[in-house]
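J.: give me coordinates for this.
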Amino acid sequence: MLHLTVIAVGSLKETWWRDAAAEYEKRLAAYCKPECIQIKESPLPQSPTAGQIAAALGAEGKQILAVMPPRAYRVALCVEGKQCSSEGLAAQLGRVGDTHGSVCFVIGSSHGLSDEVKQACDLRLSVSRLTFPHQLMRVLLLETLYRSLGILHGSKYHK
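T.: Residues are numbered from 1 along each chain as shown. Have a look, this model is predicted:
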């Protein structure tokens, strides 16, 4: 069974985000072994400088790299990443399951991911060209993964 890790910077503060994420994690368990790891977001002032942002991303990046599963296929969610359909992601997850047995998706902070994290990943994926709040992005990613794994396993969830 595929081992699925989602590493996310920041916490789900509102109950409804936590409930939604928990629901999709529960559903994912039918297809994989899901694990969600939260990394604490580095504090920044109200109007941070480019240097302060770079330092925060570097600190978050070190935390992310420290918890990434070593043999997993690693996917960075970032705006410059490749976009694909649910069926395309399903096919990719099927190949990763056959070759690696483990996949890790990384969601950065509101300022993104450090270059070190992006370079450590095998794929850069963009869910959309639109901008989403990070709490919503985590729920959206979990739903997307549930849908894609459902496609892979012949579920009727995806129409």
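J.: what's the helix or strand for residue 8?
T.: strand 2-9 (DSSP states H and E).
J.: following that strand, which helix or strand shows up next?
T.: helix 15-28.
J.: residue 6 against residue 103, yeah?
T.: No: using Cβ atoms under 8 Å, residue 6 is not in contact with residue 103; the gap is 9.5 Å. No exception for glycine: its C-beta is placed from N, CA and C like everyone else's.
J.: for the closest residue to residue 77 other than its chain neighbours, which residues are in contact?
T.: Nearest residue to residue 77, sequence neighbours excluded (Cβ to Cβ, 6 or more residues apart in numbering): residue 107, at 5.2 Å. With contacts defined as Cβ atoms under 8 Å, 6 or more residues apart in numbering, the neighbours of residue 107 are 6-9, 77, 134, 137-138, 141.
J.: and for residue 78?
T.: Applying Cβ under 8 Å, 6+ apart, the residues contacting residue 78 are 108, 112-113, 118, 124-126.
J.: angles on the backbone of residue 144, please.
T.: Backbone dihedrals for residue 144, given as degrees, to the nearest 10, come out at phi -60, psi -40.
J.: residues contacting it?
T.: So residue 144 contacts 86, 89, 127 (Cβ under 8 Å, 6+ apart).
J.: before we move on, what about residue 74?
T.: With contact set as Cβ under 8 Å, 6+ apart, residue 74 has these partners: 68, 103-104, 106, 120-123.
J.: ok, now with 6 Å
T.: By Cβ atoms under 6 Å, 6 or more residues apart in numbering, the residues touching residue 74 are 104, 121-122.
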